[in-house]
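*Asks:* The following comprises the amino acid sequence and a computationally predicted model.
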Amino acid sequence: MIPFNKPHLTGKETDYIRESALSGKISGDGIYTKKCHQYFELKYGFKKAMLTTSCTDALEMCALLLDIKPGDEVIAPSYTFVSTVNAFVLRGAKIIFADSCAENPNIDLNDVEKLITPKTRAIVIVHYAGIACDMDRVMKIASDHNLFVVEDAAQAIDSYYNGKPLGSIGHLAAFSFHETKNIISGEGGMLVVNDERFIKRAEIIREKGTNRSSFFRGEIDKYGWVDIGSSFLPSDIIAAFLYAQIENIDVIQAKRKNIWDRYYAALKPLEVNGQIRLPHIPSYATNNGHMFYVVCSSLDERCDLIATLKENNVMAVFHYLSLHKSPYYSKYHNDRELPMSDMYSDCLVRLPLYFGLEKIEQEKVIDIIKGFYKKKEESPVLINEYQK
C-alpha cells in the first residue's frame, strides 16, 4: 500500500531528544524550545513565536488573546478543520461561515465583506494547502472595520504572500507540526504574535495564567495567578524532535515541491480536457508543497476514484466536510447556501505526498488516475450538478 502520508525522520531527532533529556529540563521552554523560537523569529520575521502542544491550542490562545465573549461574531470559512472555529465557539462566539473561492478552497473575500456586522470581532482565514489568501485585501477589510485577523497557517509553513511569510501578516497566527505537515513533531503547534500588544499577555495565558515567564527572566521576585490561561507549553522533547526537522527544512521543502511539480505536470492534460481541476496558485502566492489535490466533477466520481486507487493499493483521501452543515453547528447557521464549500467537500481528493514517496510510486498513482479517466472518457458521461 502506498500510504497517504508517511512521517519523515531526518536522523537527528533521537540525538536531540537525548540531549534534551540529559539537560535536566524536559518540561516546557527548555533548550530546544528556545532554539525553535529563535529559528522561527529570525527566518520568518515573526515578532514572537511560542511553541504549543498543537495548532488547536494556538488557536484557543488566539481566542483568549482577542478576549472573545458570548455574542461576538467571528467570520471563518466553512471548508476547514473544526479547530479553526471551535477555539472561538469555546469562548461563546457565533461563527459566521463564509464560502470558498471558485478557483481554490480559500475563503471568498467578497462573501466576507457582506457578512460583517457591528458584532463582528475577527476574521479567521485559512491558507488552504499552503496557498496564500489575498492578505492585502484581508488586512484592508479588517482595518476598515476595526477587526482582528487570525491566520490559520496550519498548512502554510515556509509559504509566502508577495514575499511575506504566511503567518507574519495577521495580528495572530497558528501553525501545526502534526505528523501530516511539512515539518513535524508528531503533535505540536505554534502561536505567532505579530501585534506587540498581545505579546506579554500571550506569555501569561500560555503559562496557566501566571507571570511565570517574567519570573524566570528575573523581572519579578515571585510569580502568581494574574489572568486566565491554561497549560499550552509542549515538552522540550517535542521541541527537540521539531528542531531536527527545521534544520532540514530546505531539503524537505525541495523534495516535497518536486513531488508536487511532477503531479501537476503529469495531470495537467486531464485538466486541459476538462476532466479534473488542479490546484490554482494566484500570482501573489507561493507553493510550499504541502498538499496535492484534484477536484473531481461529482461526489460519485470522487468516490469511484478513491475506490479505484484503493483497489490498486494507493491511499487517497477526501478532506473537510462543510462545517455549516455539521451535526453540531448546523442549527446555529442560517439558510445561506455555501455552494463552493459544498463542492470541495464533495469533489476534492488528496493524493499521497510525503518526503519518502519514491518516483516509481508516484508514477503508479499518476497512471491509475490517467487510466481511470481514460476509461470514463470511453463511457457515456452524465452531466452532474457541478457541471451545469
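*Replies:* Ah, there it is.
*Asks:* Quick check: pLDDT value at Glu378.
*Replies:* Per-residue pLDDT puts Glu378 at 84.
*Asks:* Phi and psi next, for it.
*Replies:* Per-residue torsions, Glu378: phi -90, psi 0 (degrees, to the nearest 10).
*Asks:* how many neighbours does it have?
*Replies:* For Glu378, the neighbour count with other C-beta atoms under 10 Å is 7. To be clear about C-beta, it is placed using only N, CA and C from the backbone, and glycine gets the same treatment.
*Asks:* can you pull the pLDDT of the spatially most distant residue from the centre of the chain?
*Replies:* Ranked by distance from the centre of the chain (C-alpha atoms, centre = their mean), the top residue is Asp221, with 39.6 Å. pLDDT for Asp221: 79.
*Asks:* Return the residues in contact with it.
*Replies:* Residues near Asp221 by C-beta atoms under 8 Å, 6 or more residues apart in numbering: Phe215.
*Asks:* Buried ones in stretch 67-80, by neighbour count?
*Replies:* Under the neighbour-count criterion of 16 or more other C-beta atoms under 10 Å, stretch 67-80 has Ile68, Asp72, Glu73, Val74, Ile75, Ala76, Pro77, Ser78, Tyr79, Thr80 buried.
*Asks:* now those residues in a markdown table, with distance to Pro327, pLDDT and secondary structure?
*Replies:* Below are those laid out as a markdown table (distance: C-beta to C-beta, whole Å; pLDDT from 0 to 100; DSSP: H, G, I helix; E, B strand; the rest coil):
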| residue | distance to Pro327 | pLDDT | secondary structure |
| --- | --- | --- | --- |
| Ile68 | 23 | 98 | coil |
| Asp72 | 23 | 98 | coil |
| Glu73 | 22 | 98 | strand |
| Val74 | 20 | 98 | strand |
| Ile75 | 22 | 98 | strand |
| Ala76 | 18 | 98 | strand |
| Pro77 | 19 | 98 | strand |
| Ser78 | 14 | 98 | coil |
| Tyr79 | 17 | 98 | coil |
| Thr80 | 16 | 98 | coil |
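*Asks:* Closest one to Asp335 out of these, please.
*Replies:* The shortest approach to Asp335 among the buried residues of stretch 67-80 belongs to Ser78, at 13.7 Å (C-beta to C-beta).
*Asks:* for the closest one, phi and psi?
*Replies:* According to degrees, to the nearest 10, Ser78 has phi -80, psi -30.
*Asks:* so what's it up against?
*Replies:* Ser78 is in contact with Phe97, Ala98, Asp99, Ser100, Ser322, Leu323, His324, Lys325, Leu338, Ser341, counting by C-beta under 8 Å, 6+ apart.
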